[in-house]
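S.K.: Okay, sequence plus prediction incoming.
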Amino acid sequence: MRFEKIIDKLPACEVLAEVGCDHAKLTALAYETGKCGKAIVSDISEKCLEKAKVTLSAYPQTVFCVCDGIPEAAYYADAIMICGMGGHLIAEIIARYDGNAALLLSPQSHAEIVRRKLNECGYAVSEDECFKAEGKFYDVIFAVRGKQALTPMQAEFGVHWQDCNEALYEKLSKRLANLRKGGERTREEAERIAKVLECRK
Ligand SMILES: C[S@@+](CC[C@H](N)C(=O)[O-])C[C@H]1O[C@@H](n2cnc3c(N)ncnc32)[C@H](O)[C@@H]1O
């Protein structure tokens, strides 16, 4: 379900790169659904790359690289997918990239750091969705080269926070219930969350 949600956001491309691929199940799904013709998959861990080679054995056009961040070979991919890492690490990887590929990102945490970094690095977020899969909440963000200045609310809660979809509503309602136990210390964040939740009423 998480894999499907992410690959749904991927436009069809000739060359896809997946950074931090681990088992490379996301790339396998991209091939299976006809979203890419060729893939470059990389991981900082050689062991993970071995798993990826098994998963993608039916796709001999795949290039495998052990690399910290985005490998040279992936520089001119049409899209680069970085998913399942924390927001700080994704932001740090993006900051070192100066190519023009579209970026499909799904941070496990701190999506706000990723959104801010995208704008700082000359990327504009065009799609941004909070979703729930297997009982957990995730964000999936698609960005292309372009100027954008997200508002603080967009950076924190997503570009489309005013639409407040069901998953975002559920995630933030839980967060708000916890914050309310914090009293004055957490009042400002609670107020911002209440403003998002209002949009769904
Ligand atoms: C939790 S897995 C995510 C796998 C897959 N992308 C997914 O979403 O299902 C994170 C992967 O990122 C890799 N990784 C961590 N830091 C990295 C870096 N600096 N450069 C490349 N890969 C990295 C880890 O070795 C691990 O395989």
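M.R.: Ah, there it is. Bear in mind the structure is a predicted one, so any value in this text is a computation, not a measurement.
S.K.: When you work out contacts or count neighbours from here on, use the C-alpha atoms and nothing else.
M.R.: Noted.
S.K.: Would you mark the buried spots in the one helix or strand Ile193 maps to?
M.R.: Ile193 belongs to helix 187-198 when assigned by DSSP states H and E. By 16 or more other Cα atoms under 10 Å, the buried positions in helix 187-198 come out as Ala190, Ile193, Val196, Leu197.
S.K.: give me every residue that touches the first one.
M.R.: Pointing back at Ala190 there. For Ala190, the contact set (Cα atoms under 8 Å, 6 or more residues apart in numbering) comprises Leu176, Leu179, Arg180.
S.K.: rerun that using 7 Å as the cut-off
M.R.: Taking Cα atoms under 7 Å, 6 or more residues apart in numbering, we find Ala190 in contact with Leu176, Leu179.
S.K.: The second one too?
M.R.: In this structure, Ile193 makes contact with Leu172, Leu176, judged by Cα under 7 Å, 6+ apart.
S.K.: Just the pLDDT at Val54, thanks.
M.R.: Note on Val54: pLDDT of 98.
S.K.: Three-state assignment for it, please.
M.R.: Three-state call for Val54 (DSSP: H, G, I helix; E, B strand; the rest coil): helix.
S.K.: what about it, neighbour count?
M.R.: 11 (other Cα atoms under 10 Å).
S.K.: With Thr151 as the reference, measure out to it.
M.R.: 43 Å (Cα to Cα, to the nearest Å).
S.K.: what's the answer for Pro71, then?
M.R.: Distance, Pro71 to Thr151, by Cα to Cα: 32 Å.
S.K.: Compare the two and say which is more crowded by neighbours.
M.R.: Comparing Pro71 with Thr151 by neighbour count (other Cα under 10 Å), the higher total belongs to Pro71, at 19 against 11.
S.K.: which residues does the more buried one contact?
M.R.: Listed by Cα under 7 Å, 6+ apart, Pro71 has no contact partners.
S.K.: cool, Phe137 as well?
M.R.: Applying Cα under 7 Å, 6+ apart, the residues near Phe137 are Cys130, Phe131, Lys171.
S.K.: Find the nearest non-adjacent residue to the last one, please.
M.R.: Which is Lys171. Phe137 (6.9 Å; Cα to Cα, 6 or more residues apart in numbering).
S.K.: where's that neighbour, which helix or strand?
M.R.: With DSSP H and E as the criterion, the answer for Phe137 is strand 136-145.
S.K.: And for the helix ranked longest in the chain, what's in contact with it?
M.R.: Assignment by DSSP state H gives helix 166-179 as the longest helix of the chain. The contact list for helix 166-179, computed with Cα under 7 Å, 6+ apart, reads Cys130, Phe131, Lys132, Phe137, Thr186, Ala190, Ile193, Leu197.
S.K.: Count the residues that sit near the nearest residue to the fifth one once chain neighbours are set aside.
M.R.: In this case it means Thr186. Nearest residue to Thr186, sequence neighbours excluded (Cα to Cα, 6+ apart): Leu179, at 5.8 Å. Using other Cα under 10 Å, Leu179 has 19 neighbouring residues.
S.K.: How about the one 5 residues further on?
M.R.: Residue neighbour count, defined by other Cα under 10 Å, stands at 10 for Glu184.
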